[in-house]
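# The following block contains a protein sequence and its predicted model.
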Amino acid sequence: MTDIQEALAHLRQLVQLEKEEDLEQHRQKVQQLPLDKRVAEGYSWYPVQVSKTGYALGDRAYVIVERSGEDKPDQFRAGKTVSLFTRQPEVKHPEKSGVIQYVNRNRMKIILNSSDLPDWLGLGQIGVDLLFDERTYLEMDKALKLLMKVKGDRLAELRDILFGKQAALFHPIPETHRIPELNESQNDAVNQVLAARDVAVIHGPPGTGKTTTLVQAIKLLCREESTVLVTAPSNTAVDVLTERIADAGLNVVRIGNISRIDETILTHTLDWQIANHPDSKHIKKVKIEAAELRRQAKKHKRHFGPEERKTRGHLFKQAGELNAWARQLEDRLLDFILESAQVITCTLVGAANEVLQKRHFRTVIIDEAAQALEPACWIPITKASRVVLAGDPFQLPPTVKSKQAEKEGLNITLIEKCLVRLEHTSLLKVQYRMNALIMGFSNQYFYGGALRAADSVDDHRLPIEDNHPLVFIDTAGCGFDEKLQLAYLSRYNPEEFQILREHLYALINAHREAEQPLPGIAIISPYREQVKYMDTAISDDPDLTEVTLTINTIDGFQGQESDVVYISLVRSNAKAEIGFLKDYRRMNVAMTRARQQLIVIGDSATIGNDPFYLEMLEYFENKGEYRTAWEFMQ
């Protein structure tokens, strides 16, 4: 077995380990809970009302359900597999599985894995359960198996190049593009994409305009190629790309489930374009006729004579013929829409969608590749002759649930490997978000000092007197020991938040005294329990009720930014244990969210034994404003 074959076989084993761990966690969290607990913890909606039904793409029915009451947080997301169920007694088949197309507050659209709507929909006592979804794992394994089999074709060649066994080649391009809206490193990246015969890598640190660069590259690719496939790991990331590509004036079609349903996204979805095409009314009418014939056929019970049997058979035959006709009409319409698209967008797993089954692309772009498991990246790569990877491996990695799989390397992404294996990659070098001092530590630690702040942001500050861009508030010696929430094993630190709040009060008052509008303010922490504690405390604080604040985990805030960012580090203990603060990429994400001021609150005695945090503390002492929590306890 060759090195590549061994590596692929190992990846398949890791995918299986991850699947088993994911399934076990699902069993513990969901399957073993009674319904009221599942509802309380966000794994079920019950009860719900059916507000609309109909027929989606292919021979599949859909339902839209709504729940009453306030919009409570839950685990339901576009693309998740669910079970629509009824608790009515004596119903023969009380469950129908399906996939969420979108969730919008208390409203959810489910595409059922069935041609027919359940006959119990009007009976009430209906709910929705989250199911374990193995499709992602099956598609990843399928792609890896294909890679192990192929020989002598373009996919085999791409595989060998991406594994570093062959050099990636670049063609001279007839015209070097210098797009006025882009800086030099962005233009270089675009030209490298155009010149790449096999693979191009765009390394985009925070605030460097990676998406802007990608959109410009896509515009130029569309001049030469009939359709470009653009993918990302999450539905949210695909929605953002879809919107940006459409804003650039390109005809884009979004395949699969959508996480946002505002008009700007919805009108670009394949489902919407089919539903709003003049031919779709006729297709819908045929589907309704077929469904009615099937319903009539099912009326015939078990005990019936030859005549009834003959009638039932005839009705089913008619329904089948109508369905086949509807599918033929739909396929023709589908081909027309997809062939007229300049860009098709979908998630990595969405690239395995049956509507793309027979389609091959000259170029596939994988955005946010540093947040994607390598096996998932291979799904769209199997459909293309050239691949463009874009992302930043120094930000948060993909989530791996299996400790064993993580230990054996499932968390190491394809873009990380390519940055090591490939000779030519593009680094975007100018960032447009942060004051240069805020950028400085990340720049020197992660990016070798290669970045610079654009003139427009280099020294932008808050319009108040106490406006140093970089502040560290040290709680060492204050006795603010962290606490552990036993149910979720998450940590919080109430006293640390009290210090944060005092600084926040001063910041708000300074803006009011200067008669300046309040900046955007975000408060983030690595620990979910600290976020929950801060959220509750701020909600109960009359002095902050009229102040708009964003409160989130660092992971939840990735991809966002704010004028002012507070980071509550939480960890404070005699053993100097810092837990998952050890993932320095999480801190890179946290520190690069702020535009004008970054305030970090933590215990230097706890974090300072770690070399990364020691270097960070030294940077704050030398370049920033180093303050002690005692100043805020008077």
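Looks like it arrived, so ask away. Numbering: from 1, shown residues only.

# what ranges do the helices span in the stretch 401-550 of the chain?
Secondary structure of the stretch 401-550 of the chain (DSSP state H, counting those that start in this stretch): helices located at 403-407, 414-421, 436-446, 494-513, 528-539.

# which stretch among those comes nearest residue 2?
Closest approach to residue 2 among the helices of the stretch 401-550 of the chain (CB to CB): helix 414-421, 16.0 Å. (Each C-beta comes from the backbone N, C-alpha and C, glycine too.)

# Extract the CA atoms of the closest one and return them as CSV.
Coordinates of the C-alpha atoms in helix 414-421 are reproduced here as CSV (Å, rounded to 0.1, in the frame of the first residue of the first chain):
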residue,chain,number,x,y,z
LEU,A,414,-6.3,20.2,4.2
ILE,A,415,-5.3,23.9,3.9
GLU,A,416,-2.8,23.5,6.7
LYS,A,417,-1.2,20.6,4.9
CYS,A,418,-1.2,22.5,1.6
LEU,A,419,0.6,25.5,3.2
VAL,A,420,3.4,23.1,4.1
ARG,A,421,3.3,20.9,1.0
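
# Which secondary structure elements does it sit against?
Helices and strands touching helix 414-421, as assessed by 3 or more CB pairs under 8 Å, 6 or more residues apart in numbering; DSSP states H and E, comprise helix 154-162, strand 199-203, helix 374-381, strand 384-391.

# and the helices of the stretch 401-550 of the chain, which is most packed in?
Using mean count of other CB atoms under 10 Å, the stretch among the helices of the stretch 401-550 of the chain with the largest mean neighbour count is helix 436-446, at a mean of 21.

# Turn the helices of the stretch 401-550 of the chain into a markdown table, columns for distance to residue 345.
Compiled in a markdown table, these are given as follows (distance: least, CB to CB, whole Å):
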| stretch | distance to residue 345 |
| --- | --- |
| helix 403-407 | 29 |
| helix 414-421 | 19 |
| helix 436-446 | 29 |
| helix 494-513 | 39 |
| helix 528-539 | 31 |
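
# quick one: which of those is nearest residue 618?
Ranking the helices of the stretch 401-550 of the chain by their distance to residue 618 (criterion: CB to CB) puts helix 436-446 first, at 9.4 Å.

# Which residues does that closest one contact?
For helix 436-446, contacts defined as CB atoms under 8 Å, 6 or more residues apart in numbering pick out 205-207, 394, 431, 449-453, 457-459, 469-470, 584, 588, 591-592, 594-595, 597-598, 612, 615-616, 619-620, 623-624.

# Now do it, average pLDDT.
Mean per-residue pLDDT for helix 436-446: 97.

# do stretch 159-174 as well
Here stretch 159-174 scores 92 as its mean pLDDT.

# From one end of that stretch to the other, what's the distance?
The first and last residues of stretch 159-174 sit 28 Å apart, counting by CA to CA, to the nearest Å.

# what helix or strand does residue 18 sit in?
When elements are defined using DSSP states H and E, residue 18 is found to belong to helix 3-26.

# Alpha carbons of the helix or strand just after that helix, in PDB - could you do that?
With elements assigned by DSSP H and E, the helix or strand that comes after helix 3-26 is helix 35-40. In PDB, the C-alpha atoms belonging to helix 35-40 read as follows (Å, rounded to 0.1, in the frame of the first residue of the first chain):
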ATOM      1  CA  LEU A  35     -39.900  14.700  25.700                       C
ATOM      2  CA  ASP A  36     -40.300  17.500  28.200                       C
ATOM      3  CA  LYS A  37     -36.500  17.500  28.900                       C
ATOM      4  CA  ARG A  38     -35.800  17.400  25.100                       C
ATOM      5  CA  VAL A  39     -38.000  20.400  24.700                       C
ATOM      6  CA  ALA A  40     -36.300  22.200  27.600                       C
END
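
# What's the separation between residue 274 and residue 28?
Residue 274 is 40 Å from residue 28, where distance means CB to CB, to the nearest Å.

# Now the residue nearest the centre of the chain: closest residue in space that isn't a chain neighbour?
For the chain, the residue whose C-alpha lies nearest the mean C-alpha position (CA atoms, centre = their mean) is residue 234; its distance is 3.0 Å. For residue 234, ignoring the flanking residues on the chain, the nearest one in space by CB to CB, 6 or more residues apart in numbering is residue 347 at 6.7 Å.

# And residue 87, by the same measure?
Closest to residue 87 by CB to CB, 6+ apart is residue 125, at 4.2 Å.

# For the one you found, give me the backbone phi and psi.
With angles defined as degrees, to the nearest 10, residue 125 sits at phi 50, psi 50.

# and it, how far is that from residue 345?
39 Å.

# Who has more neighbours out of the two?
Neighbours per residue, other CB atoms under 10 Å: of residue 125 and residue 345, the larger number sits with residue 345, 29 against 15.

# what pairs with the helix or strand that that one is a member of, and is each one parallel or antiparallel?
Assigning secondary structure by DSSP H and E places residue 345 in strand 343-347. Neighbouring strands of strand 343-347 in its sheet, by DSSP bridges, are strand 228-232 (parallel), strand 252-254 (parallel).
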